[in-house]
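> Pasted the sequence and its predicted model underneath.
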Amino acid sequence: MKQANANFDFDDDAPLLEAEDLTVSYSTSQGDLIAVDDVSFTVKEDEIFGLVGESGCGKSTVAQAILSLLPSNGMIPSGSIRFRGIELTELEKRELDSLRWENLALISQGAMNALNPVQRISTQIVEAIQAHREISKQDARERTRELFETVGLDPERMDDYPHQFSGGMKQRAYIAMSLALDPDLIIADEPTTALDVIVQDQILKRLKELRDELNISVVIISHDISVIAETCNRLGVMYSGKLMEYGDLKEIFANPYNPYTLGLQNAFPTLRGEQADLISIPGGPPDIADLPDGCRFMDRCPFATAKCGEAHPPLESVGDDHASACYRHDIIEEMRTDAGKRDTWDQLHAEVAASGGASDE
């Protein structure tokens, strides 16, 4: 089913996907609000890359920007997004339509509700295939049967309506649709939302298997750091529109350099190693209509100093395929030790409560 896209002259030596200094803003009654601020990352061939962060950090906006699916008030005032060397921000709608599904596919947030409830699932997949391929309906239906088998669904159920499927089955059906044209890259925005933990595990395992079987790359966007830890090779940790830490997943989890990453690790349980009480990060992210001049995480960070209030720290290399945005890398061992202590965060919780701000506890 995979065919070369005749509309583009791809650079085989270029990275699969590369975002460079990407900034995304929304035009509102309060002015232009920056949701993604100067973000850079690369997605390699045949890898699963993760973007993780709290709700509202800008990770879903990144996905929408890549596929040019921003709402009407969204814009990219600066930066670049390149797919195999092709600048996506400069493409016309006709060119984008040719690229979507064919080379880039999306599993959208709330994908379980994205299927048309009054059309058979097979009809929806067949239409997607025929929109891009000169292929008979019979051949498109045969391809749909293959896709159902690929994602672990009974092909005999492909003519069912969405309401006849469970949540996990609908998610698999949507994944089948995203694979219809053998894309090079799938962007999965919160692919396990609203699924129970057993079905979540099945979906994540299948995504990893598809990466190996079909030689595709996947970008997984999630607020759940455990989802990222289970599936990804590399990741970016986002906070308030900024990339806080970036690089090899194993290196980041073994040797985190950013206080925000340390805080996220405290907030999620682990099945391996020593068990410890969960520690939440106090307060909440800043309002993007009133962003601080300094580090975006400063007001929630127990290690902040006056310097942190001057400007947001640049993303600096701290190792091989590992970068972090923090002014306090010189005391990293102390931060790693103290970040695991509840007392370190309790004072911040108390300050947030005293100021009348919301606390996560």
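That came through fine. Residues are numbered from 1 along each chain as shown.
> secondary structure element for Ile175?
Under the assignment given by DSSP states H and E, the secondary-structure element containing Ile175 is helix 167-178.
> Tell me the buried residues in that helix?
Gly168, Met169, Lys170, Gln171, Arg172, Ala173, Tyr174, Ile175, Ala176, Met177, Ser178 (16 or more other Cβ atoms under 10 Å). C-beta here means a position set from N, CA and C on the backbone, and glycine is covered the same way.
> Take the residues you listed and write them to CSV, including pLDDT and distance to Val218.
Rendered in CSV, the data for these read as follows (pLDDT from 0 to 100; distance: Cβ to Cβ, whole Å):
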residue, pLDDT, distance to Val218
Gly168, 86, 18
Met169, 91, 20
Lys170, 91, 19
Gln171, 88, 14
Arg172, 90, 15
Ala173, 92, 17
Tyr174, 91, 14
Ile175, 91, 10
Ala176, 92, 15
Met177, 92, 15
Ser178, 92, 10
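> Just list the residues touching Glu190, thanks.
Going by Cβ atoms under 8 Å, 6 or more residues apart in numbering, Glu190 touches Ser60, Gln109, Gly110, Ile221, Ser222, His223.
> filter those residues to the buried ones?
A residue is treated as buried here by neighbour count (16+ other Cβ under 10 Å); on that basis the buried members of these are Ser60, Gln109, Ile221, Ser222, His223.
> Among those residues, name the ones in strands.
Cross-referencing the buried ones among the contacts of Glu190 with the strands (criterion: DSSP state E) gives Ile221, Ser222 as the overlap.
> Please report how far Ser217 lies from Glu245.
Distance, Ser217 to Glu245, using Cβ to Cβ, to the nearest Å: 21 Å.
> Of these two, which one has the most company?
Regarding Ser217 and Glu245, a neighbour count based on other Cβ atoms under 10 Å identifies Glu245 as having more, with 26 against 20.
> Which strand residues bridge that one?
Partner residues in beta bridges with Glu245: Val237, Ser324, with DSSP bridges as the criterion.
> Can you read off the pLDDT for it?
At Glu245, the predicted lDDT confidence score is 98.
> Contacts only, for it.
Residues in contact with Glu245, defined by Cβ under 8 Å, 6+ apart, are Gly236, Val237, Ile252, Pro256, Tyr257, Asn258, Tyr260, Thr261, His322, Ala323, Ser324, Ala325.
> one step back: between the contacts of Glu190, which sits nearest Gln200?
Taking Cβ to Cβ as the measure, Ser222 is the one of these closest to Gln200, at 10.3 Å.
> circling back: tell me the strands beside the very next helix or strand once past the helix holding Ile175, with direction?
Following helix 167-178 in sequence order, the next helix or strand is strand 185-189 (DSSP H and E). Here the strand partners of strand 185-189, with direction, are listed using DSSP bridges: strand 104-107 (parallel), strand 217-222 (parallel).
> from the chain's centre, how far out does strand 185-189 sit?
Strand 185-189 has its average C-alpha position 8 Å from the chain's average C-alpha position, going by Cα atoms, centre = their mean, to the nearest Å.
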